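> The sequence and its predicted three-dimensional model are supplied below.
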Number of protein chains: 2
Amino acid sequence: MMSNFNDKLVIDSWNQNADSWITTIENNEIESRKLITNQAIVDAITSYSPDSILDIGCGEGWLTHNLTIKGIEAWGADGVDKLIKKAQLINRGKFVVASYEDIVNSNIPPTSLIKKGLFEDTQFDAAVCNFSLLGKETVDNLIHSIPSLLKNNKLLFIQTLHPIIGCGESPYIDGWREESWNCFKTEFRTAAPWYFRKLETWINLLKSAGFAILECREPINPKTKKPASIIFIAAHE
Amino acid sequence: MMSNFNDKLVIDSWNQNADSWITTIENNEIESRKLITNQAIVDAITSYSPDSILDIGCGEGWLTHNLTIKGIEAWGADGVDKLIKKAQLINRGKFVVASYEDIVNSNIPPTSLIKKGLFEDTQFDAAVCNFSLLGKETVDNLIHSIPSLLKNNKLLFIQTLHPIIGCGESPYIDGWREESWNCFKTEFRTAAPWYFRKLETWINLLKSAGFAILECREPINPKTKKPASIIFIAAHE
């Protein structure tokens, strides 16, 4: 079954599951986010003091909001229209519907917004992908296109499942996996495919796009005493 | 108990266990080394073609030997006299008794050897630590002293337990652990302390010593489908 997964199914599943996701976040249902990983990514970003940041795969926009109210010029981009509409309704920050393909094709921020004077620059001090790198080729292409969006210190922050936890009992090899949402209170319409990458693969991907690893953080879940996530902090050279 | 462990006990345990270790290696008893990790570290080093290398914590010298017969000027250093005597007896390469403190104090290669004309340079293209970084402060100090031993591409190769495997059921925090040798056929005289480092800690340690991470390899055990080790490849900037 898993061999049938592909990048298109990732975005399809998120379009289907957008309402359930919004409910999940509004009800603060993901304990590891509430306890650990939300604060961890905010701390990571603010410790480098970027003036502006692009939040790629921003979803309903909590991180863009959080960075905006800290005085950072924060833009949130997501390919799921429904999530951006929600973000614009409930959160501060500037939000734009843009798929990863749009970003790869340098269509972010959309020319229409620049023309309207809503956005003055096409480059950011930093980009962040917070649990939003779920695909295979789309993600590889996205990472390679991010440097063209960056200026000044050219920072990239990625928070994702820690290989220790993400791998589980499965073989430690790159490949498609399935999020069945079984541990979630809210019902989701469809299982969500995601592509597991070994640590080696993440680091090779960043290096191949010209990024140097500055840091790697492993926020620990105080209950399980295991890493709740891994955060890569990299700078384009 | 573990809180009583310290760096001195590491070297004490290895002095006590040297004979058992020699037997273990001579009988090829560590399956993961035979199947995966020996070849993995040789492949990692040869893929960067260093002309000379210092094998730090060389033990009975298999790796120094293997690199020597590939035409690399390879020196093996180890703090355990008995292991170096064995290395000089059975393996090719140049071997010297030198503790990590000797190396930190720039006493490698010993001045006496340079005077005898046995060693012409005091710097190497690369250093390798193959499952030999077992302590806490001694290892931190060692890593910081390695750059002064390096020239040209200034490469450092570290193979160590993968955090996934090394952590086991214990909390994922840095700290002393105990190797009880239970899985070994040969009897060992004393348990060996070793200091567990999170991935974050390894990368921070390398960065703090001025190394940039070039690669991270995760050789997979074909039987368990889990990483048999992690190899960090870094260059001093």
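Yep, that arrived.
> Is there proximity between stretch A:14-32 and chain B?
No: judged by Cβ under 8 Å from any Cβ of the partner chain, stretch A:14-32 stays clear of chain B, getting no closer than 14.0 Å. Glycine gets a C-beta too; all of them are placed from N, C-alpha and C.
> Okay, buried residues for that stretch please.
Buried positions in stretch A:14-32, judged by neighbour count with 16 or more other Cβ atoms under 10 Å in any protein chain shown: A:14, A:16-18, A:20-22, A:24-25, A:30, A:32.
> Next: stretch A:174-184.
Buried residues in stretch A:174-184 (16+ other Cβ under 10 Å): A:176-177, A:181.
> and the strand or helix carrying A:Phe95, what other elements does it pack with?
A:Phe95 belongs to strand A:94-97 when assigned by DSSP states H and E. When contacts are defined as 3 or more Cβ pairs under 8 Å, 6 or more residues apart in numbering or on different chains; DSSP states H and E, strand A:94-97 sits against strand A:73-78, helix A:81-90.
> Minimum distance to B:Leu133: which of those has it?
Set against B:Leu133 and scored by Cβ to Cβ, the helices and strands packed on strand A:94-97 come closest in strand A:73-78, at 40.8 Å.
> Are there helices or strands packed against the strand ranked longest in chain A, and which ones?
If each strand of chain A is counted by residues according to DSSP state E, the longest one is strand A:150-160. Contact here means 3+ Cβ pairs under 8 Å, 6+ apart; on that basis strand A:150-160 packs against helix A:38-46, strand A:124-130, helix A:199-208, strand A:230-236.
> roughly how far is the last one from the heart of the chain?
A distance of 13 Å separates the C-alpha centroid of strand A:230-236 from that of its chain, computed with Cα atoms, centre = their mean, to the nearest Å.
> ok, back up a step: among the buried residues of stretch A:174-184, which ones are in strands?
Residues of those located in strands (DSSP E): A:176-177.
> out of the buried residues of stretch A:174-184, which one sits closest to chain B?
Comparing the buried residues of stretch A:174-184 against chain B with Cβ to the nearest Cβ picks out A:Arg177 as the nearest, at 14.3 Å.
> Now the residue nearest to A:Arg177 when sequence neighbours are not counted. Its backbone dihedrals?
Among residues not flanking A:Arg177 along the chain, A:Phe196 sits closest, at 4.9 Å (Cβ to Cβ, 6 or more residues apart in numbering or on different chains). Dihedral pair for A:Phe196: phi -80, psi 130, per degrees, to the nearest 10.
> A:Phe196 - how many residues pack around it?
Residues lying near A:Phe196 (other Cβ atoms under 10 Å in any protein chain shown) number 20.
> wait, it sits on A:Glu178?
No: using Cβ atoms under 8 Å, A:Phe196 makes no contact with A:Glu178, being 10.3 Å away.
> what's the spacing between A:Asn27 and A:Trp21?
Noted for A:Asn27: a distance of 11 Å to A:Trp21, by Cβ to Cβ, to the nearest Å.
> quick one, longest helix in chain A?
Taking DSSP state H as the criterion, chain A has its longest helix at helix A:7-26.
> what residues does chain A put near chain B?
Taking Cβ under 8 Å from any Cβ, the part of chain A that reaches chain B is made up of A:163-164, A:167, A:170-173, A:198-200, A:203-204, A:207, A:212-218, A:220, A:225-227, A:230.
> Repeat the analysis, applying 7 Å as the threshold.
When proximity is defined by Cβ under 7 Å from any Cβ of the partner chain, chain A lies next to chain B at A:163-164, A:171-172, A:198-200, A:203, A:212-213, A:215-218, A:220, A:225-227.
> Among the residues you listed, which are located in helices?
If you go by DSSP H, these have A:163-164, A:199-200, A:203 in helices.
> min pLDDT across these, which one?
Here the lowest pLDDT out of these sits on A:Ile164, with 77.
> doesn't A:Lys136 make contact with A:Asp7?
Yes: when contacts are counted by Cβ atoms under 7 Å, A:Asp7 is listed as touching A:Lys136 (5.7 Å).
> count of neighbours near A:Lys207?
Counted with other Cβ under 10 Å, residues neighbouring A:Lys207 total 18.
> Quick check: buried residues in stretch A:35-51?
A:36-38, A:40-42, A:44-45, A:48, A:50.
> Would you mind listing the two of these that lie farthest apart?
Pairwise over those, using Cβ to Cβ, the maximum falls at A:Ile36 and A:Pro50, 22.1 Å.
> ok, back up a step: which entry within the buried residues of stretch A:174-184 corresponds to the minimum pLDDT?
Among the buried residues of stretch A:174-184, A:Trp181 has the lowest pLDDT, at 78.
> residues contacting that residue?
For A:Trp181, the contact set (Cβ atoms under 7 Å, 6 or more residues apart in numbering or on different chains) comprises A:Phe188.
> ditto for A:Ser99
Contacts of A:Ser99 were listed using Cβ under 7 Å, 6+ apart, and they are A:11, A:79.
> before we move on, what about A:Leu63?
When contacts are counted by Cβ under 7 Å, 6+ apart, A:Leu63 touches A:41, A:55, A:128, A:130.
> Are we agreed that it is in a strand?
No: using DSSP: H, G, I helix; E, B strand; the rest coil, the assignment for A:Leu63 is helix, not a strand.
> State the distance from it to B:Cys129.
Taken as Cβ to Cβ, the span from A:Leu63 to B:Cys129 is 39 Å.
> what residue ranges in chain A score low on pLDDT?
Scanning chain A with the threshold set as pLDDT under 70 gives A:1-3, A:107-121.
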